[in-house]
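K.L.:
make a model of this:
(one chain, ligands or ions: 2)
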Amino acid sequence: TRPKVVITRNLGPETMPLLLNRDDIDVVLWPEDSYCDRKWLLENIRGAAGLLVMLSDRVDTELLDAAGPSLKVLSTMSVGYEHVPLPELVKRNVRLGYTPDVLTDAVADIAIMLALMASRNAEEVTQLVRKGEWYKQPWSPFLFCGPQLSASTIHPERTAGFIGFGRIAQATLRRLVPFGINTCLYSGNPSTPADPAADAALAAQLGVRTLRRVPLAELAAQSDVVFVLAPGGPATQHIVDAPFLRAMKPTAVLVNAARGTLVDTDALVTALRENWIWGAGLDVLEGEPVIHADHPLVKEPRCTVLPHIGSASIETRQAMAKMAAENLLGGVLDQAMSAEVVGTK
Ligand code: GLV
Ligand code: GLV
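P.N.:
Ligands and ions are numbered 1, 2, ... in the order given. Next comes the predicted model:
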């Protein structure tokens, strides 16, 4: 009998034919354009060789147990995989496919957009225009002004700080170089030694004058813009907390395009209300997607909240869907995957 694969969402007309037009697998597809029903999934996963999931699906031991020993591969259409119990996959010898690289540029674009929106008060001023209240603000020399992201004659030195310095962070930094941002600070795992020679080589490659790994407190204090671009999970939970935000410059902005759990929500609300920092641009929030209009960060005028659209360009989502499908096939047919999380095989 042919191996069965279960897919929790229709991946669209570009990708589905790659899976459906084959005679070496049986595809079971959640038929609706809504969250995959848990009961349906538990029933259909029985005896499957492959499972393709979204970020919004919960993968846990109950689901893996329901699948049984036939399961060879889990493919997630995301670069992050905190929704997946990696040690359980390792234990069961299940390979894990994910979608790095293809979304790096789309997420870096959004990080830049959020930095610009946060520094130039985009949320506050677009709301005002929408409400028809532009005319109520008599023009004055400093009306609507915010700190400039790019270097200027007043501030020729600009520093960007990165919590997490992987592919997306480096793509974001590449975009900041033409803005005249000449210093890059990043935080790293304190248990691995700093490597100034590697930093110098990377600085030359990216075109920044200075690139250094620093402790978090120094990163907070020195940066004009802080980008949170690290994986989620217990190790990074609330890495941006009240002391971090307290240490930031009052003209600095915070951007989070990683996971909501990295930023302490209550601390950020206080930081914005009490002007510890200038503003924030968030693509992710703790507790998403159940975020109501009265959420304190949604109500903050100096905070832009996007509904996790970092990778949501048409081009990128198509590439992610295709990669997730290829990873699924690779795993089921015991072949190479486009991108596999190492350690599971
Ligand atoms: C998006 O957040 C992803 O992990 O792909
Ligand atoms: C994710 O792709 C990262 O390494 O930043």
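K.L.:
okay, CA-based contacts and neighbour counts for the rest of this
P.N.:
Fine.
K.L.:
packing partners of the one helix or strand residue 170 maps to?
P.N.:
Using DSSP states H and E, residue 170 sits in helix 167-176. Applying 3 or more Cα pairs under 8 Å, 6 or more residues apart in numbering; DSSP states H and E, one finds that helix 167-176 makes contact with helix 104-119.
K.L.:
can you dump the C-alpha coordinates of the helix it packs on into PDB?
P.N.:
C-alpha atoms of helix 104-119 as PDB (Å, rounded to 0.1, in the frame of the first residue of the first chain):
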ATOM      1  CA  THR A 104      14.400  35.700   5.000                       C
ATOM      2  CA  ASP A 105      14.000  38.700   2.700                       C
ATOM      3  CA  ALA A 106      10.200  39.100   3.300                       C
ATOM      4  CA  VAL A 107      10.700  39.100   7.000                       C
ATOM      5  CA  ALA A 108      13.600  41.500   6.800                       C
ATOM      6  CA  ASP A 109      11.500  43.900   4.700                       C
ATOM      7  CA  ILE A 110       8.800  43.900   7.400                       C
ATOM      8  CA  ALA A 111      11.400  44.500  10.100                       C
ATOM      9  CA  ILE A 112      12.500  47.600   8.300                       C
ATOM     10  CA  MET A 113       9.000  48.700   7.700                       C
ATOM     11  CA  LEU A 114       8.200  48.400  11.500                       C
ATOM     12  CA  ALA A 115      11.400  50.300  12.400                       C
ATOM     13  CA  LEU A 116      10.400  53.200  10.100                       C
ATOM     14  CA  MET A 117       6.700  53.100  11.300                       C
ATOM     15  CA  ALA A 118       7.700  53.100  15.000                       C
ATOM     16  CA  SER A 119      10.200  55.900  14.700                       C
END
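K.L.:
what does that helix contact?
P.N.:
122-123, 146-149, 167-169, 171-172, 175-176, 225, 227, 252-257, 278-282, 302-304, 309-313, 316 (Cα atoms under 8 Å, 6 or more residues apart in numbering).
K.L.:
near ligand 1, anything from that helix?
P.N.:
No. Contact between helix 104-119 and ligand 1 is absent, the nearest approach being 8.5 Å (criterion: Cα under 6 Å from any ligand atom).
K.L.:
quick one on the thing from earlier: report the angle between the helix holding residue 170 and helix 104-119.
P.N.:
Our comparison of helix 167-176 with helix 104-119, counting by axes from the mean of the first three to the mean of the last three Cα atoms, to 10 degrees, yields an angle of 60 degrees.
K.L.:
average pLDDT across helix 167-176?
P.N.:
Mean per-residue pLDDT for helix 167-176: 98.
K.L.:
which residues of the stretch 51-200 of the chain fall in helices?
P.N.:
For the stretch 51-200 of the chain, applying DSSP state H, counting those that start in this stretch gives helices covering 61-67, 86-92, 104-119, 122-130, 167-176, 196-206.
K.L.:
same for the longest helix seen in the chain, what does it pack against?
P.N.:
As assigned by DSSP state H, the longest helix anywhere in the chain is helix 314-332. Packing contacts for helix 314-332, counted by 3+ Cα pairs under 8 Å, 6+ apart, involve helix 16-20, strand 50-53, strand 73-76, strand 95-97.
K.L.:
tell me which of the ones you listed sits nearest to ligand 1.
P.N.:
Ligand 1 lies closest, by Cα to the nearest ligand atom, to one member of these: strand 73-76, at 8.5 Å.
K.L.:
partner strands of the closest one and their direction?
P.N.:
strand 50-53 (parallel), strand 95-97 (parallel) (DSSP bridges).
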